[in-house]
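*Asks:* okay, here's the prediction I keep looking at, along with the sequence it came from:
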Amino acid sequence: MKTKATQIRSQTPAPLPSEAQPVLGQRGRVIQAPGALVFYPLSRSEQARRASVDALNQVLADTLYLRDMFKKHHWQASGPTFYQLHLLFDKFFEEQSELVDKIGERVQTLGGVSVAMPHEVVEMTKIERTPRGREQVPVQLSRLLEALATILAETHRLVKIAHENGDDGTENLIASDVIPTDEKQVWFLSQHLVDTPLVRAR
């Protein structure tokens, strides 16, 4: 037999979700299409901003690809120099991650849409795709050097574009951060391909 209190509770409607309840499963329209620019009062023409955004996104796509190459080779290094390269590749992965963030933010600052997802990177990159399997260390180093050379060629072109359009922020970022970092990585990696004796001079 139900008590009066039980009858009252059964007639009370369930409480509405609280304001703390997350609204899940949402989807919506894209608010800015790839290639579209939003306007910010940056004292730069749309043409100048678009030229920088397009070139920056190419550098960004290739830098994202290079960054992940360093992590792949960090895991898959082998041989007598494994320990040194394991640490070096991870250090360079972190340096490239910092560049990725700076380049992506620059694209957004200029009103563009930064490349972000792996499928976009694969579609855009100019770097030769690495195999899924593990490769010998000299091949890993050669691939990394070729990737860096590709990016450096693009960055020098981007510096000229930015300079001609008066885009000082982009020119400064590329010339002061990206190029010196990539050039130093070329130097460090190249030294691991010098065929020199370790114990006795020839």
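*Replies:* Happy to help now that I have it. Residues are numbered from 1 along each chain as shown.
*Asks:* from now on I want contacts and neighbour counts done on CA atoms only, so please keep to that.
*Replies:* Noted.
*Asks:* quick one: Leu189 and Leu145 touch, right?
*Replies:* Yes - counting by CA atoms under 8 Å, Leu189 touches Leu145, with 7.1 Å between them.
*Asks:* mind giving me the packing neighbours of the biggest helix by length in the chain?
*Replies:* For the chain, the longest helix by residue count, based on DSSP state H, is helix 46-76. Packing partners of helix 46-76 (3 or more CA pairs under 8 Å, 6 or more residues apart in numbering; DSSP states H and E): helix 82-109, helix 118-124, helix 137-164.
*Asks:* pLDDT (mean, whole number) over it?
*Replies:* Across helix 46-76, pLDDT averages out at 98.
*Asks:* ok, for Gly112, nearest residue in space, not its chain neighbours?
*Replies:* Leu37 (4.9 Å; CA to CA, 6 or more residues apart in numbering).
*Asks:* that neighbour and Thr63, how far apart?
*Replies:* 22 Å (CA to CA, to the nearest Å).
*Asks:* looking at these two, which is more packed in?
*Replies:* Thr63 (26 against 18; other CA atoms under 10 Å).
*Asks:* neighbour count winner among Leu189 and Leu145?
*Replies:* Counting neighbours by other CA under 10 Å for Leu189 and for Leu145 shows that Leu145 has the greater number, 21 against 18.
*Asks:* just for this protein, where's the confidence low?
*Replies:* 1-10, 12-15 (pLDDT under 70).
*Asks:* please identify the buried residues of the longest helix of the chain?
*Replies:* 46, 48-50, 52-67, 69-74, 76 (16 or more other CA atoms under 10 Å).
*Asks:* now the end-to-end length of stretch 116-134.
*Replies:* In stretch 116-134, first residue to last residue: 26 Å (CA to CA).
*Asks:* in it, what counts as buried?
*Replies:* Buried-residue list, stretch 116-134, by 16+ other CA under 10 Å: 121, 124-127.
*Asks:* CSV for the residues you listed, including distance to Gln140?
*Replies:* Listed next are those as CSV, based on distance: CA to CA, whole Å:
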residue, distance to Gln140
Val121, 20
Met124, 22
Thr125, 18
Lys126, 17
Ile127, 13
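*Asks:* how about the nearest residue to Glu105 once chain neighbours are set aside, what does it touch?
*Replies:* Leaving aside its chain neighbours, Glu105 sits nearest to Ser114 (7.7 Å; criterion: CA to CA, 6+ apart). By CA atoms under 8 Å, 6 or more residues apart in numbering, Ser114 lies in contact with 57, 60, 104-105, 107-108.
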